[in-house]
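Student: fold the following for me, if possible:
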Amino acid sequence: MTAMSIFEQLPPTTPVLVGAGSVTRRDGSLELAPEPVALMAQALRLAGDDAGVPGLLTEANSIRVPRGFWSYRDPGRLLATAIRAPQARSVLAEVGILQQSLISAACADIAAGQEEVTLVVGGEARHRAAQARRAGVEVTESEQEDDAEPNQTLRPSGEFGSSWEGERGLMLPVACYAVLENALAARLGLSPAQQRRELDTLGAALSAVAAANPEAWSRTALDATALHPSKDNPYLAHPYTRLDASQWNVDQAAGLLLCSAAAARRHGVAEERWLFPLAAAENNHMSALSSRGELHRCHGMRLAIERTLDGGDATLAEVDLLDLYSCFPSALRLQLEELGLERSAEPPPTITGGMRFAGGPLNNYVLQATARMAMRLRDGNGRYGLISCVSGILHKQAAALWGTKAPTSAFCAEDISAAVAELEPPRALRPDYCGAATVCGHTVNFNRDGTAQQAAAICEGANGERTVACSDDSSLMAAMMAENYCGRSVMIPTAGQLELPSSIH
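Tutor: Residues are numbered from 1 along each chain as shown. Sure thing, here's the model as predicted:
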């Protein structure tokens with residue numbers, strides 16, 4: 001049986017990705033810089049061109065957009081006008097909805113026969129905004145009527161964190177992920193120096209991938225020494241430096257054109273452009289960072305990838321291209337641990353260069369990675385590609401498997417939230433806890449001028465209750481940077497106040 005006859009026998013509602021477009025604006029005058037929705041429209045047009053049938057965009061049944069920093073009330077409607085698809089239903093996913101959820105839902109709706117052509121698109125123009133601030137000018141965005149609203153708005157249930165945790169030093173993502181990093185280092189038995197060497201080596205490997213990616217924001221391959229803390233690469237939250245952090249001040253957009261096999265045939269999309277979503281899984285069970293029993297684990301990601309591979313009838317060894325979500329090193333390193341992969345994996349587990357170097361536009365990176373995956377797989381770089389996704393501080397996890405060969409079973413997007421909830425029962429939180437405690441994870445936050453500002457630690461009391469405590473004591477901050485304090489005893493004399501045993505001072 002030939003490949004053509006296999007494609008011809010696919011059920012008509014089989015979802016296929018037929019077009020993908022990416023836009024990265026690095027240079028150019030501020031006056032000509034496009035606003036976010038213009039970048040998104042450009043990405044969609046590129047996706048139409050990629051499919052070889054630009055007119056397919058006008059047939060869109062829906063346009064699904066993940067929320068960004070922009071102010072649009074109904075971006076999908078603006079895009080529908082731009083691409084001349086007035087009948088398209090607009091969907092907006094607020095921050096906290098997994099980016100993969102939009103893609104999975106689009107595929108599921110096509111598989112169910114509810115839609116034939118679906119667009120998923122997102123983008124940011126924070127570099128444009130930064131240029132404007134430096135120039136002392138204002139840039140505008142397209143306005144809509146006050147009552148404009150999407151046909152559907154997706155909102156997360158639950159909160160990412162509490163105000164008292166933020167007030168005690170765990171406000172910014174870089175600090176929260178640094179806490180996870182130190183918990184992982186303690187689990188692996190790494191000294192701060194060994195940990196730093198691994199971070200530098202990983203960063204250099206990611207930058208090399210970005211250098212070969214034409215849509216990456218930073219395209220300079222760095223030596224490991226360039227990743228080391230320095231005046232040009234200051235600490236943000238120990239052990240993380242500026243070059244360890246996701247780079248979200250970018251002008252980037254990505255658009256995906258999905259349709260049914262029947263629509264692809266009817267519009268004459270060449271079969272070599274078809275890429276198949278084989279399976280996906282996602283966890284929407286949220287556990288507050290401080291309440292997690294094992295800060296050095298991510299059960300949800302392990303299970304999401306396992307169920308995705310099972311659904312696609314594939315194994316991890318059969319995956320040719322892997323892109324693990326990489327906002328901060330601990331997100332990537334925890335995934336490697338869960339999958340049993342070497343931390344010094346070669347090549348590194350990214351096809352883009354990661355969010356530090358390829359760019360991490362808010363709530364849109366997975367679309368960038370999926371567009372890149374489509375290009376790489378269709379260029380003959382393998383049969384299977386796996387992409388993982390994270391929302392929050394590893395609050396939610398997802399994975400998707402893509403393939404070049406016709407699927408033998410229907411697309412399935414599995415919700416594993418209940419299973420993850422059983423694996424990760426939360427610890428009780430006590431913001432008013434006082435007394436002896438044990439450090440579970442810690443970091444030291446830094447000021448913009450490069451000086452240490454505040455130590456913050458997730459601590460566990462004698463009864464297993466968790467709290468967060470902080471201190472601006474210079475000797476305490478120095479101690480927590482010189483050594484890993486996970487598993488060590490501390491005192492919390494008053495709620496939220498962190499002290500080391502007197503022998504340390």
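
Student: just checking, what packs against the strand or helix carrying Met491?
Tutor: Using DSSP states H and E, the element containing Met491 is strand 489-492. Using 3 or more Cβ pairs under 8 Å, 6 or more residues apart in numbering; DSSP states H and E as the contact criterion, the elements in contact with strand 489-492 are strand 435-446, strand 452-461, strand 466-471. Bear in mind the C-beta positions are built from the backbone N, C-alpha and C, glycine included.

Student: now render those as TSV, adding mean neighbour count and distance to Leu188.
Tutor: As requested, those are exported to TSV (neighbours: other Cβ atoms under 10 Å; distance: least, Cβ to Cβ, whole Å):
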stretch	mean neighbour count	distance to Leu188
strand 435-446	23	14
strand 452-461	23	18
strand 466-471	25	22
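
Student: redo those as TSV? Include mean pLDDT and distance to Leu154.
Tutor: Below are the helices and strands packed on strand 489-492 laid out as TSV (pLDDT from 0 to 100; distance: least, Cβ to Cβ, whole Å):
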stretch	mean pLDDT	distance to Leu154
strand 435-446	98	31
strand 452-461	98	30
strand 466-471	98	30
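
Student: switch those over to TSV; also include distance to Asp232.
Tutor: Listed next are those as TSV, based on distance: least, Cβ to Cβ, whole Å:
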stretch	distance to Asp232
strand 435-446	14
strand 452-461	18
strand 466-471	28
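
Student: give me the helices and strands touching the lengthiest helix in the chain, please.
Tutor: Longest helix in the chain, counting residues (DSSP state H): helix 192-211. Using 3+ Cβ pairs under 8 Å, 6+ apart as the contact test, the elements touching helix 192-211 are helix 173-188, helix 329-339, helix 354-357.

Student: model confidence over the first one, on average?
Tutor: I take that to be helix 173-188. Mean pLDDT, computed over helix 173-188, is 98.

Student: next one: the last one
Tutor: The pLDDT scores in helix 354-357 average 97.

Student: and the contacts of it?
Tutor: Identification of contacts with helix 354-357 by Cβ atoms under 8 Å, 6 or more residues apart in numbering yields 203, 206-207, 209-211, 216-218, 243-248, 325-327, 332, 348, 365.

Student: and these, which are buried?
Tutor: Listed as buried from the contacts of helix 354-357 are 203, 206-207, 209-210, 216-218, 243-248, 325-327, 332, 348, 365; burial here means 16 or more other Cβ atoms under 10 Å.

Student: from the chain's centroid, how far away is stretch 263-277?
Tutor: When C-alpha coordinates are averaged (Cα atoms, centre = their mean, to the nearest Å), stretch 263-277 and its chain have centres 28 Å apart.

Student: go through it and flag the buried ones.
Tutor: Ala263, Ala264, Arg265, His267, Val269, Glu271, Arg273, Trp274, Leu275, Phe276, Pro277.

Student: closest one to Phe411 out of those residues, please.
Tutor: Nearest to Phe411, judged by Cβ to Cβ, of the buried residues of stretch 263-277 is Pro277 at 5.5 Å.

Student: now Leu498. Nearest residue, chain neighbours left out?
Tutor: The shortest distance from Leu498 to any non-neighbouring residue, by Cβ to Cβ, 6 or more residues apart in numbering, is to Ala469 (3.7 Å).

Student: for the stretch 301-450 of the chain, what spans make up the strands?
Tutor: 321-323, 384-391, 396-403, 412-415, 435-446 (DSSP state E, counting those that start in this stretch).

Student: can I get those strands in a markdown table including distance to Asn151?
Tutor: Conversion of the strands of the stretch 301-450 of the chain to a markdown table gives the following (distance: least, Cβ to Cβ, whole Å):
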| stretch | distance to Asn151 |
| --- | --- |
| strand 321-323 | 31 |
| strand 384-391 | 23 |
| strand 396-403 | 23 |
| strand 412-415 | 21 |
| strand 435-446 | 42 |
